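Asks: sharing a sequence plus its predicted fold:
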Amino acid sequence: MDGLRRRVTGGVAGLCALAAMLGLVGSTGAPAATRPAAVAQAAMLSDPMAGPVAPQLPCAALAQPEPGQGVPDFGSIPGAPTRVSSATVVPATASTPEFCDVMGYVAAQVQFDLKLPTKTWQGRYLQNGCGGFCGAISPTTFPSCDLQPGGDFAVSATDDGHVAAGFDAVWAATDVQDRIALGTRAVDVVSVALKTLTPVFPGTGARRCPAIRCADGGREALQEAQRFPADFDGIVAGAPANVWAPLNGEFQPWLAAINSDAQGNSILTPAKLPALHSAAIVSCDGADGLVDGQIDDPRACTFDPASIQCPAGVDQPTCLTPAQVDVVGKAYEGPVDAQGHHLYPGGEPVGSELAWAGWFVTPPGVPGIGPLIGDNYLRYSAFPIGQPTSSAQEWKFTVEGFNRLRAEGRVFNSVSPDLSAFRNHGGKLILWQGWADQAIPPTTVTTYDAAVRERMGGLTATQQFTRLFMFPSVYHCGGGFGPNQFDLINPIVHWVEQDTAPARIVATQTDAGGATVRTRPVFPYPEQARYTGTGSIDDATNFVGVMPAHLPNDNFDWVGQDLFH
């Protein structure tokens, strides 16, 4: 679960790397009365293209133990008392500018790291978050915006208020405040604190502020749009894990349940995935009207895994045993109860099969990432503190169990379709996901987007401030088997600063040597890329955007439909 690191490679190998959020600073988070006046007045002080902002104080001055010498008392920031523990100048390299590396925390223990360029800052602020259950400050890099050659963002990251390794969630077992920090508070208070701190060092306010995140970062990005609509001027939320409680309490444990034999080993093994994926592509490739080795919308597929079932008594890498066929069918279906009621809005998409390796299809004795997430969630944070917990192995897939997840889900879910405050603030939102996402079913975001459209006045009205882009063949937050490198930083900056809404995003596919082998446009959903009939199918210029004759039904029928209302 990821965020922004560099100019998107693999969809995330740049744009998202386990929960990052990109923010161009310009405005403050909550009502002005609760925010420091210096920040409230900093929003639009000058042209974002005006050139570098020179520092007014030495870097080290930010870390003094007490306020003074031109440095305000960061400990008195309303709602976000902050202490800077160190501030050190880091020399420029071939790939990074000289910057002041500022480390500290927002009370109680929301740790952060801020990199503030000393010579090249253009007044934009980028806030990176965490992935998985967080617990560490992710490394950050400096993106540049093409609106100003050489311009750099100030960039930051936070651990979301606790320390943990991997997908461990023990930290959430007894402390409700730690849960709230991850669920809603940490990203907001860090944005408040650092938008107070950045103007102090350069001597002027940050000018614009978008946010980019993926997976848990996408969930947090939507929390910002829904609960703190003035924190960021623009947001890019990728593969959002916004239906957090059902995702981690139903979908991930489901993957463990369907693919575990009596000894706990995978029934469907990694060796079978290439043949399964190849069969899926052959079956579904032409469903979009073009045979090109990718699946534009897996919902148009009718692939039956039984089509490659092994003959009786045979078990080879080129075919599936009956038990493996059953696993694949249940993976595509997603979690259901005994009566067939869906407990999550979707399952594994056709085309994602190769990415199942490591997620829930593993060698003997190796735990899958998805089941590990589900088990930690059910054990340590799925239920109110003091109530009985569960494990992924013990979990029963019932409506009653689903309803047990609702109470604590209110801490983590970011499912409200009412984005009116964010829209009225002037905010812009880009949603995106890969159609081959193995970790979060892509119908999660199409279902949420449909609820937003319904609440916010329909497609035309909604696309004035939010647009969804669905990337064929792209896995969770990046990677995949088609065009999977794309830039979402410049589109959100252009939309925020020049009011130019993204009409298409061009994705690029490269070979092992880095040479471009295909470019393909992706249009705002539900618009589709249609080949013009002339020129190479590997050239984006030979495609146009068209609305489908029949719009897809994005209102997935599941037991949690009311969460979006």
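Replies: Now that the structure is in, tell me what you want to look at.
Asks: please name the nearest non-neighbouring residue to Gly434.
Replies: Of all residues not flanking Gly434 in the chain, Val474 sits nearest, at 2.8 Å (Cβ to Cβ, 6 or more residues apart in numbering). (Each C-beta comes from the backbone N, C-alpha and C, glycine too.)
Asks: for that neighbour, give me phi and psi.
Replies: phi -100, psi 130 (degrees, to the nearest 10).
Asks: also Cys100?
Replies: Dihedral angles for Cys100 - degrees, to the nearest 10 - are phi -90, psi 120.
Asks: that one and Ala193: what is the separation?
Replies: 15 Å (Cβ to Cβ, to the nearest Å).
Asks: list the contacts for the residue nearest to Gly434?
Replies: 10-11, 433-437, 480, 482, 484, 507 (Cβ atoms under 8 Å, 6 or more residues apart in numbering).
Asks: pLDDT score for Ser46?
Replies: For Ser46, the pLDDT comes out at 34.
Asks: for the one 10 residues further on, same thing?
Replies: Note for Gln56: predicted pLDDT of 76.
Asks: quick one: end-to-end distance for stretch 269-276.
Replies: 11 Å (Cα to Cα, to the nearest Å).
Asks: on that earlier part again, out of the contacts of Val474, who's nearest Pro253?
Replies: Lowest distance from Pro253 to the contacts of Val474 (Cβ to Cβ) belongs to Asp437, with 18.0 Å.
Asks: just give the nearest non-adjacent residue to the closest one, would you?
Replies: His476 (4.7 Å).
Asks: any idea how far the one you found is from Ile77?
Replies: 36 Å.
Asks: repeat that for Gly217.
Replies: On the measure of Cβ to Cβ, Gly217 and Ile77 end up 24 Å apart.
Asks: now do Asn128
Replies: Counting by Cβ to Cβ, the gap from Asn128 to Ile77 is 20 Å.
Asks: let me have the contacts of Val474 in CSV, extended by pLDDT and neighbour count.
Replies: What follows is those, written out as CSV (pLDDT from 0 to 100; neighbours: other Cβ atoms under 10 Å):
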residue, pLDDT, neighbour count
Gly10, 27, 19
Gly11, 26, 31
Gln433, 97, 30
Gly434, 98, 33
Trp435, 98, 26
Ala436, 98, 29
Asp437, 98, 30
Gly480, 96, 27
Gly482, 95, 22
Asn484, 96, 25
Ala507, 97, 27
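Asks: low-confidence ranges, the chain, go.
Replies: The model of the chain has pLDDT under 70 over residues 1-51, 64, 67-69, 129, 144-151, 201-213.
Asks: longest single helix anywhere in it?
Replies: helix 186-200 (DSSP state H).
Asks: just give me how far it sits from the chain centre.
Replies: 21 Å (Cα atoms, centre = their mean, to the nearest Å).
Asks: could you list every helix and strand in contact with that helix?
Replies: Judged by 3 or more Cβ pairs under 8 Å, 6 or more residues apart in numbering; DSSP states H and E, helix 186-200 is in contact with helix 37-40, strand 82-90, strand 99-106, strand 110-117, strand 121-128, strand 152-158, helix 216-227.
Asks: what angle do strand 99-106 and that helix make with each other?
Replies: Interaxial angle of helix 186-200 relative to strand 99-106 (axes from the mean of the first three to the mean of the last three Cα atoms, to 10 degrees): 130 degrees.
Asks: who has more neighbours out of Asn128 and Ile77?
Replies: Asn128 (32 against 22; other Cβ atoms under 10 Å).
Asks: that one contacts Ala157, doesn't it?
Replies: Yes. Using Cβ atoms under 8 Å, Asn128 is in contact with Ala157, at 4.1 Å.
Asks: by how many degrees do the longest helix of the chain and helix 216-227 diverge?
Replies: Going by the same axes, to 10 degrees, helix 186-200 makes 80 degrees with helix 216-227.
Asks: export helix 186-200 as PDB, just CAs?
Replies: These are the backbone C-alpha positions of helix 186-200, laid out as PDB (Å, rounded to 0.1, in the frame of the first residue of the first chain):
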ATOM      1  CA  ALA A 186      -1.700  11.900  11.700                       C
ATOM      2  CA  VAL A 187      -1.900  13.100   8.100                       C
ATOM      3  CA  ASP A 188      -3.900  16.200   9.100                       C
ATOM      4  CA  VAL A 189      -1.800  17.300  12.000                       C
ATOM      5  CA  VAL A 190       1.500  16.800  10.200                       C
ATOM      6  CA  SER A 191       0.100  19.000   7.300                       C
ATOM      7  CA  VAL A 192      -0.900  21.600   9.800                       C
ATOM      8  CA  ALA A 193       2.400  21.600  11.600                       C
ATOM      9  CA  LEU A 194       4.600  21.600   8.500                       C
ATOM     10  CA  LYS A 195       2.600  24.200   6.700                       C
ATOM     11  CA  THR A 196       3.300  26.300   9.700                       C
ATOM     12  CA  LEU A 197       7.000  25.400   9.800                       C
ATOM     13  CA  THR A 198       7.900  25.800   6.000                       C
ATOM     14  CA  PRO A 199       7.000  29.500   5.800                       C
ATOM     15  CA  VAL A 200       9.300  30.200   8.800                       C
END
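Asks: before we move on, the earlier item: number of nearby residues for the residue nearest to Asp437?
Replies: 28.
Asks: thanks again, I'm all set now.
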